[in-house]
Structure formats: structure tokens, C-alpha cells
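Peer 1: Mind folding the following:
(one chain, ligands or ions: 1)
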Amino acid sequence: MRIDVVTIFPGYLAPLRESLLGRAADAGLIEVALHDLRSWTHDVHQTVDDAPYGGGPGMVMRPQVWGEALDAVIASDSRPPRLVVPAPAGRSFTQATARAYATEQRLVFACGRYEGIDQRVVDHYSRQFPVDEVSIGDYVLVGGEAAVLVIVEAVARLLPGVLGNPRSAAEDSFSDGLLEGPAYTRPEVWRGQAVPEVLRSGNHGAIARWRRDRALERTAKRRPDLLAALPEDRLDAADQAF
Ligand SMILES: NC(=S)c1ccno1
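Peer 2: Numbering: from 1, shown residues only. The predicted structure follows:
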């Protein structure tokens, strides 16, 4: 997968070259290219924003600069892109979105700042490629860069070969529509708290049932919306207690 990020703060995306993502890049599983939006300005001040039509606080990012930048970046690789624009007004980015993005050949991220990017940029490219305005949560950040770090990590970890144990991605929270239950490791007793006996029993059927019950219990308490959204056929008879 090829990932392009257009931003006025390329340094903010440096963590993409660290740790798991760095190793994935070194292994050729992902290819990350960062692009400084200001490279496509033509004035001495490298202006990327202007006052909003209709008045109001803040500034809006100029369509001319974004158009030149995205034209150049998209043309720099032959793989068809999905353009992703992180924004508070976007559709929710979920594990399902991450799974869908993990099937893409190329993601191009446009990091807005200030009050966002002139809407005509999204409208223009939507006529050529899939364009998603996505939000990682119901809060406002200073720009899209932090959201790109979150989205790229959630997507890249799903790519074959990126995680050491592929079962991790298959069994973590949201993979089956539920939150993950509690996890334990040695020692058996820590500060007077013992690991649940069933986990030390070696009875794999009982362990699976216990884990399922704890996941259902946690989901019912913390995210009843997820439980309500589960298709009927995803809950078996033993699950009906939740
Ligand atoms: N909630 C998101 S993705 C965002 C982007 C910029 N500000 O908030």
C-alpha cells in the first residue's frame, strides 16, 4: 500500500517512520510519502489560507494550493487513490472503515488546518476518485495530522505481515463487534489480586466462554450501542443473558 500525506507540518508525521509502521515500511509492506503543501505556493509568504466568504472566525485553506498539490501528488504514482480528508464533520472512522481502507492500493491524506479546506477541493476530486471526509471522534483537533497517525496505524496493522501474530487483528476489540474483555499475565497473584481461575484451568471451552461473557459484559456496560447494533445471528443462546 502506498500512503501519501499532504500537510503544512510534515514533521508531525515523523512517527509514521517509527516502530511497527517503520518496520512495515522497511519491509516494503507500506510506502509512505510526505508532502509539504507549501511547496505548491507561489508567494513569498507561502500563503495557504484566506478569510472565509460570508465572514466568521478563522481562515479557510485555499483551493488553488490544494488543487496544485493534489494534482501533483496523485499523478506521482499510478495506483488509483482514495482521498481521505480528516475533519470533525466527517463520517465516523471505525474498525470497519479501517478494514475497508486496508484493501486499498493507495490512500492520499489531505490534512486540513484552521477552519478546514475550501469545500470545492473535495467536490472537485469526488468527481474523479473516492473521497472520504472522516472523523476519528467527536472532538476538534488543531489539524488533520493527528487523525492521520491514528488512521494509518489502524489500517496498517491490518495489512498481512505487519503484525507478528495475524490472530491479534482478528481477535482484538471490535473485530467481532464487541469490546475485548480483560487480559492477564504472570504473576498469578499481584498485590493480592489473583488471575481468574478459569484462565489457569486449561479448559479451553470454559476459557472461551468466560472470555465471551466478559466481552459481552464490558460491551453492555461501556458501549450498549455496539451490542444493540450486533446482528441477531452474531449472538448465540448463551449470549442472551446480556
Ligand atoms: N475529529 C477530527 S478527525 C478532526 C480533524 C480535525 N479536527 O478534528
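Peer 1: Mind listing the strands the strand ranked longest in the chain pairs with, and their directions?
Peer 2: In the chain, assigned by DSSP state E, the strand with the most residues is strand 82-92. Strand 82-92 pairs in its sheet with strand 106-110 (parallel), strand 131-135 (parallel), by DSSP bridges.
Peer 1: Let me know the pLDDT of the residue positioned nearest the centre of the chain.
Peer 2: Centroid-nearest residue in the chain: Ile151, 2.0 Å away (criterion: CA atoms, centre = their mean). What the model reports for Ile151 is a pLDDT of 97.
Peer 1: ok, it - contacts?
Peer 2: Applying CB atoms under 8 Å, 6 or more residues apart in numbering, we find Ile151 in contact with 84, 86, 93, 98, 101, 109, 134, 136. Quick note: C-beta positions are derived from backbone N, CA and C, even for glycine.
Peer 1: so how far is Asp43 from the fifth one?
Peer 2: Looking back up the chat, that one is Tyr101. 35 Å (CB to CB, to the nearest Å).
Peer 1: who has more neighbours, these two?
Peer 2: Tyr101 (22 against 8; other CB atoms under 10 Å).
Peer 1: In space, what's closest to the more buried one - neighbours in sequence excluded?
Peer 2: Val155 (4.5 Å; CB to CB, 6 or more residues apart in numbering).
Peer 1: One more: Gly112?
Peer 2: Nearest to Gly112 is Gly144, by CB to CB, 6+ apart, at 5.1 Å.
Peer 1: show me where this structure has strands.
Peer 2: Under DSSP E, the chain gives strands at 2-7, 31-36, 49-50, 60-61, 82-92, 106-110, 131-135, 189-190, 193-194.
Peer 1: Make CSV out of these and add mean pLDDT and mean neighbour count.
Peer 2: Compiled in CSV, the strands of the chain are given as follows (pLDDT from 0 to 100; neighbours: other CB atoms under 10 Å):
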stretch, mean pLDDT, mean neighbour count
strand 2-7, 97, 23
strand 31-36, 96, 16
strand 49-50, 98, 17
strand 60-61, 98, 20
strand 82-92, 98, 18
strand 106-110, 98, 24
strand 131-135, 98, 19
strand 189-190, 98, 10
strand 193-194, 98, 10
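Peer 1: Any chance of a markdown table for the ones you listed, columns distance to Glu18?
Peer 2: Formatted as a markdown table, those follow (distance: least, CB to CB, whole Å):
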| stretch | distance to Glu18 |
| --- | --- |
| strand 2-7 | 15 |
| strand 31-36 | 11 |
| strand 49-50 | 30 |
| strand 60-61 | 28 |
| strand 82-92 | 20 |
| strand 106-110 | 17 |
| strand 131-135 | 23 |
| strand 189-190 | 31 |
| strand 193-194 | 34 |
